[in-house]
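here is the input, now give the coordinates:
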Amino acid sequence: MLSRRHFFALATTTSLVAVAGPSVTWAAAPARRNGGEITFLLGSLDSGWSLNEKVDNYTGQVWGQIADKLLHVDENGRPTPWIAERWEANKDESEFILHLKKGVTFSDGSPLDASAVAANIDIWAKGDTARGIGRLGLFPSATYERAEAVDDHTVRVTFSAPTLSFLPTLGYHKTLLRSVASLNLKPNELGDLAKQIGSGPFVVESWREGDNVVLRKRPDYNWGPAAIGHSGPASLDKITFKVVKDAALRGSALSAGQADVVLNIPPQELEALRAKGLKVVVPPSLGFVSGFSVNTKAQHFAEAAVRQAIQHGIDRKEILDTVFTRDWKPAKSFIESNVPEVGDFSDLLAYDPDKSRRLLDEAGWMLGDDGVRTKDGAKLRFNLYASPWVSTSKQVDELIVQQLRKIGIAVTLQVVDIATFNARVRNNDTVPLREVSRSFLDAGVVGRVLTDLHKGDNWFKYDQSNETLNAFAKAVDDATDRSARAKILHDVQRYVLEQGLFIPTTQLVQRLFVQSPKLQGDAYTGAAYPLYHGAWLER
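Now for the predicted structure:
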């Protein structure tokens, strides 16, 4: 582990960071100036640099600076031009024409033209199993047919059915445009960041796997997203991403002026950092709220009464007040409040332990002398696994264990590392609750988690045995009109929450940045990833 003294000796002393997103009304800001560099501390850079699913919460911070996207999608889910300067769709949204900016090149000098875009879309949709590349999870692959270059700057993308989610998906943090040479790398080269070539405002100067990435600005860059409000090259000269696994050490480095941005500091440290004049930035993230998807194949969890009792047995206000700060908000559904199709179902999430007890009584779960409910000789108990990726998961789960004990449900909290979690929890139908922390850019994704219809994610493990969920999944997929789809999604939210198939805790704060007020003009995508193309350092 990097010692505090060692880190401070290596860190670059620079200024710090503030926020302005594309949908924010900017106050009178200091004049832009060129030059300077920032140091960004984060907890990991060891997940690999390959295509599609290898881009995670940490490597995504880097990719946002070195690779462009076809569209920019803001915090309200609105697509705006980037590499695609305009587009059209046919009446049922099964065919799309993308018109590309001219003169765009990858950092190796190769053109970012229609054939390169078609090749990128094809690998997002299909992957390449021969090289160990999976398809991109949130890409609408089930209906994808082909992408083809009409001419050098026009791409036609065809689907077999209406696909409303296609355009927003082009702003997803994993739909990154890479050079054709990068797409065609050999399997043993895919993890080499130096060979993954993008067209973004920064290029890789150096990198050390699992430790740091140093980026320098690209002088000829001139095709950033219109929503950022800055044309031409980046103002910053350099960005250094440095791994410091200990969150407290990241905060100390920031306080000492030896870093400019840090990712994901524990909530209890935020107010002290604010008091020192540092800025806490919580960009809205389109996606699912924090909470649990329920596996109905797990023992006892096929019973709606058990799931509903847990839904009303969790005191979400206590969780917010105890674990978090003002930066976290209460959940109103199982999707985030800035998703255009969200409904307010706060009544279905109300803390009501008396209702929980009544539901369990009526279902035949009787309270034993030990305070744990029993039915047909079986106790109402299960293991709950804290997410090893979410720093606050253990604290939240400890409260949930206490709260559910009050209604007669015995929960044992298990805290394990990532390797053990992957081996013991993933694809294990004896585990009833799986913590979700996932963003998306289009609510059509909701239809793809309900069942395994059309290769859906099947969160609730009904496969296709729940006819209501099957009908919802099909209706969301088949929708050709966003207003009509919004009504369907409203009904989906009500059903899922009424049935206790998703147990929300809070709204999602997937990425939280603490930074110096000297960095101006930074912006964020709808998935809460930073874009430093328009950022500059105030004197």
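
residues near R33, how many?
A count of nearby residues for R33, using other Cβ atoms under 10 Å, gives 12. C-beta: built from backbone N, CA, C; applies to glycine.

how about it, what does it touch?
R33 makes contact with S235, W536, L537, E538, R539 under the criterion Cβ atoms under 8 Å, 6 or more residues apart in numbering.

look up the residues forming beta bridges with the second one.
Partner residues in beta bridges with W536: Q520, with DSSP bridges as the criterion.

surely it touches N34?
Yes - using Cβ atoms under 8 Å, W536 makes contact with N34 at a distance of 7.2 Å.

run a quick neighbour tally on V339.
25.

how near is it to P330?
15 Å (Cβ to Cβ, to the nearest Å).

and N470, what helix or strand is that in?
Element membership of N470 [criterion: DSSP states H and E] is helix 467-478.

please apply the same query to S333.
If you go by DSSP H and E, S333 is not part of any helix or strand.

related to what we said a few turns ago, out of W536 and N34, which sits in the more crowded spot?
Remark: of W536 and N34, W536 carries more neighbours, 23 against 13, as counted by other Cβ under 10 Å.

find the nearest non-adjacent residue to K329, please.
Nearest non-adjacent residue to K329, counting by Cβ to Cβ, 6 or more residues apart in numbering: Q507, 4.4 Å away.

contacts only, for the one you found.
Q507 touches V289, S290, W328, K329, P330, A331, E336, S337, counting by Cβ under 8 Å, 6+ apart.

10 Å instead?
Residues near Q507 by Cβ atoms under 10 Å, 6 or more residues apart in numbering: 282, 284-285, 287-291, 320, 327-333, 335-338.

just the helices in this structure please.
Along the chain, counting by DSSP state H, helices occupy 4-10, 59-66, 114-126, 166-169, 180-183, 247-255, 270-275, 304-313, 316-323, 353-362, 393-405, 418-424, 467-478, 482-498.

which positions in the last one come out as buried?
Residues of helix 482-498 classed as buried: R485, I488, L489, V492, Q493, V496, L497 (neighbour count, 16 or more other Cβ atoms under 10 Å).

how many neighbours does S393 have?
21.

just to check, it is in contact with Q414?
No - between S393 and Q414 there is no contact under Cβ atoms under 10 Å: 11.2 Å.

joint contacts of the two?
With contacts defined as Cβ under 10 Å, 6+ apart, the residues shared by S393 and Q414 are L384, Y385, A386.

so what pairs up with the second one in the strands?
Meaning Y385. In this entry, Y385 is beta-bridged to Q414, by DSSP bridges.

which ones are touching it?
Y385 makes contacts with 393, 397, 412-416, 420-421, 424-425, 428, 431, 433-435, as judged by Cβ under 10 Å, 6+ apart.

if you set the cut-off to 8 Å instead, what comes out?
So Y385 contacts Q414, V415, V416, F421, R424, V425, V431, E435 (Cβ under 8 Å, 6+ apart).

now do the last one
Contact analysis of A386 by Cβ under 8 Å, 6+ apart lists S393, K394, D397, L413, Q414, V415, V416, E435.

give me the number of neighbouring residues for the closest residue to G534 other than its chain neighbours.
Closest residue in space to G534, ignoring its immediate chain neighbours: H230 at 3.6 Å, by Cβ to Cβ, 6+ apart. If you count neighbours by other Cβ under 10 Å, H230 ends up with 19.

over to H230: give its phi and psi.
Main-chain torsions, H230, degrees, to the nearest 10: phi -140, psi 130.

give me the contact list for stretch 87-100.
So stretch 87-100 is in contact with 70, 83-86, 112-114, 117, 143, 150, 153-164, 166-167, 480, going by Cβ under 8 Å, 6+ apart.

and the closest residue to S110 other than its chain neighbours, what does it touch?
Leaving aside its sequence neighbours, S110 sits nearest to S179 (Cβ to Cβ, 6+ apart; 5.2 Å). Applying Cβ under 8 Å, 6+ apart to S179 gives the contacts F106, S107, D108, S110, L112, A116, I197, G198, S199.

gap between the fifth one and I197?
Here the distance between L112 and I197 works out to 10 Å (Cβ to Cβ).

any common contacting residues for the two?
F106, S179.

re earlier: need the overlap of contacts for W536 and N34.
Taking Cβ under 8 Å, 6+ apart as the contact rule, W536 and N34 both touch S235.

returning to what we had before: so which of the contacts of R33 wins on neighbours?
Highest neighbour count within these: L537, with 25 neighbours (other Cβ under 10 Å).

so what's that one up against?
T14, S15, R33, G35, G36, I38, S235, L236, K518, L519, Q520.

which one of those residues is nearest R357?
Checking the contacts of L537 against R357 with Cβ to Cβ, the nearest one is L519 at 51.8 Å.

count the residues that sit near the closest one.
Neighbours of L519 using other Cβ under 10 Å come to 24.

my read: it touches A535, true?
Yes - in this structure L519 lies within contact range of A535 using Cβ under 8 Å: 5.7 Å.

which ones among the contacts of stretch 87-100 lie within strands?
Per DSSP state E, strands hold the following members of those: A84, E85, R86, V150, T154, V155, R156, V157, T158, F159.

what's the closest non-adjacent residue to the last one?
The reference is to F159. Nearest to F159 is T143, by Cβ to Cβ, 6+ apart, at 4.2 Å.

over to the fourth one?
Of all residues beyond its chain neighbours, the one nearest V150 is R156 (5.3 Å), with distances taken as Cβ to Cβ, 6+ apart.

quick one, grab the pLDDT at the one you found.
With respect to pLDDT, R156 has a value of 98.

shouldn't it be in contact with V117?
No - R156 is beyond contact range of V117, at 10.7 Å (criterion: Cβ under 8 Å).

between these two, who's got more neighbours?
Using other Cβ under 10 Å, the more surrounded residue of R156 and V117 is V117, with 24 against 15.

which residues touch that one?
Going by Cβ under 8 Å, 6+ apart, V117 touches L70, I83, L98, L100, A147, A149, V155, L177.

change it to 10 Å
70, 83-84, 98, 100, 104, 147, 149, 153-155, 157, 170, 177.
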